[in-house]
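Participant: Dropping a prediction and its sequence here:
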Amino acid sequence: METVLVGLVMLVGLAGVIVPLLPGTALVLAAGIGWAALVVESGTTRWVVVAVMAALLVAGLVLKYALPGRHLAGSLPRRTLLLGAAGAVVGFFLLPPLGLLLGGVAGVYLAEAQRDRSTAWRSTVQVLKAVGLGVLAELTAGVLMVATWLVGVVLV
C-alpha cells in the first residue's frame with residue numbers, strides 16, 4: 001500500500017512540472033526518499049536508487065535553465081529577456097500561478113513591440129518555445145526518476 005501511495009505522490013510531482021502550483025521533480029525526489037525510509041529491509045540498494053534520483057533531479061534542473069538560455073543566446077536582446085523576467089515576477093504576484101507565464105510573455109512582447117513591432121510576436125513565440133524546451137527537459141528527468149524508482153521497487 002505504501003508503494004502505491006509513493007507512486008501517486010510521484011505522479012503528482014510529474015504533473016507539477018507542467019502545472020506551476022505543484023513542486024514538480026522535488027516532490028518526486030521527496031517521495032523517493034520517503035519510500036527508501038519506509039523500506040524495512042536492510043541494504044544500500046534503496047539509497048543508491050535515491051542517489052540516482054537526486055542526480056537526475058540536478059541534471060534536469062540544470063538543463064531546465066541551460067537549454068532555454070542556449071536556445072535564446074544571441075537571438076534576443078538582454079533587455080527583452082530582463083523585461084520578460086520582470087513581467088513574470090509581477091505576473092506571479094498578480095495572478096498566481098498562471099501569471100508567471102502570462103506576465104513573462106507580456107513582458108517579452110511589450111519589450112519587442114517597443115523595439116521592433118514587426119517581429120514582436122515571432123520573438124515571443126521563440127521565448128515560449130525555449131521555455132517549453134526547459135519544461136520538457138525537467139519532465140524527462142522526472143520520468144527517468146520515476147523509472148529509477150520502479151527499478152528500485154523491483155530490486156528491493
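Facilitator: Sure, I can see it.
Participant: From the contact counts, what lies against the biggest helix by length in the chain?
Facilitator: Scanning the chain for the helix with the most residues, using DSSP state H, yields helix 120-155. For helix 120-155, the packing partners by 3 or more CB pairs under 8 Å, 6 or more residues apart in numbering; DSSP states H and E come out as helix 2-18, helix 25-38, helix 45-72, helix 78-94, helix 99-115. Where C-beta positions appear, they are placed from N, C-alpha and C, glycine not excepted.
Participant: again, only this time at 7 Å
Facilitator: Here helix 120-155 touches helix 2-18, helix 25-38, helix 45-72, helix 99-115, going by 3 or more CB pairs under 7 Å, 6 or more residues apart in numbering; DSSP states H and E.
Participant: Could you measure from residue 136 over to residue 34?
Facilitator: Going from residue 136 to residue 34 by CB to CB, to the nearest Å gives 27 Å.
Participant: now do residue 43
Facilitator: Residue 43 sits at a distance of 17 Å from residue 34 (criterion: CB to CB).
Participant: When the two are compared, which one has more neighbours?
Facilitator: Set side by side, residue 43 and residue 34 show more neighbours around residue 34, with 14 against 10, by other CB atoms under 10 Å.
Participant: number of nearby residues for the residue nearest to the more buried one when sequence neighbours are not counted?
Facilitator: Leaving aside its sequence neighbours, residue 34 sits nearest to residue 6 (CB to CB, 6 or more residues apart in numbering; 6.2 Å). Counted with other CB under 10 Å, residues neighbouring residue 6 total 21.
Participant: So for residue 121, which of the helices and strands packed on helix 120-155 sits nearest?
Facilitator: Distance to residue 121, taken as CB to CB, is lowest for helix 99-115 among those, at 7.1 Å.
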